[in-house]
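*Asks:* Give me a model of this one.
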Amino acid sequence: MRPFNIIYDVYADYDWLLNGLCNHNFKLKYLNMPVVYYQAGGVSQQEVARHFPERLHIIREYFSKAFNISLIWRDPVECLYFIVIYVYLIFETKRFILR
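*Replies:* From the prediction side, this is the model:
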């Protein structure tokens, strides 16, 4: 697992998480307790529109394989999964901009 990618000004942690989930088979597990507390109002929330291209670049980097034609033939279920996640992340990001 690589360290944070410092080419990203704001979303290096987001990139690191998606890298782990998509490339290193990190598994998600539900815990019925808080694991971390975040303080609202950070840079990523203050200037969402300004940092949107960075977040979109990260999303496209990890989910572009969903549109790979060989994956569609090899594993259509996995392809559909990646497309659903990709669409969700794009709309979630745009929702923040429209607030």
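*Asks:* okay, CA-based contacts and neighbour counts for the rest of this
*Replies:* Will do.
*Asks:* Can you verify my assumption that Tyr86 contacts Phe63?
*Replies:* Yes. Shown here, Tyr86 and Phe63 form a contact pair, counting by C-alpha atoms under 8 Å, at 6.1 Å.
*Asks:* what stretches of this protein score poorly on pLDDT?
*Replies:* Counting by pLDDT under 70, the chain has low-confidence residues at 25, 65-82, 93-99.
*Asks:* And the strands in it?
*Replies:* With strands called from DSSP state E, the chain shows none.
*Asks:* And the helices in it?
*Replies:* Here the chain has its helices, by DSSP state H, at 12-23, 43-46, 48-63, 69-74, 76-97.
*Asks:* Remind me what the second one packs against, helices and strands.
*Replies:* In terms of contacts (3 or more C-alpha pairs under 8 Å, 6 or more residues apart in numbering; DSSP states H and E), helix 43-46 is not packed against any helix or strand.
*Asks:* List the buried residues of that helix.
*Replies:* Neighbour counts over helix 43-46 (16 or more other C-alpha atoms under 10 Å) mark Ser44 as buried.
*Asks:* quick check, distance from it to the centre of its chain.
*Replies:* 16 Å (C-alpha atoms, centre = their mean, to the nearest Å).
*Asks:* what's next to it, contact-wise?
*Replies:* 10-11, 51 (C-alpha atoms under 8 Å, 6 or more residues apart in numbering).
*Asks:* Try it again at 7 Å.
*Replies:* Outside helix 43-46, the residues within contact range by C-alpha atoms under 7 Å, 6 or more residues apart in numbering are 10, 51.
*Asks:* Could you measure from the residue nearest to Ile90 when sequence neighbours are not counted over to Tyr30?
*Replies:* Once flanking residues are discounted, Ile90 sits nearest to Leu56: 7.2 Å by C-alpha to C-alpha, 6 or more residues apart in numbering. Using C-alpha to C-alpha, to the nearest Å, we find Leu56 at a distance of 26 Å from Tyr30.
*Asks:* Cheers, nothing more for now.
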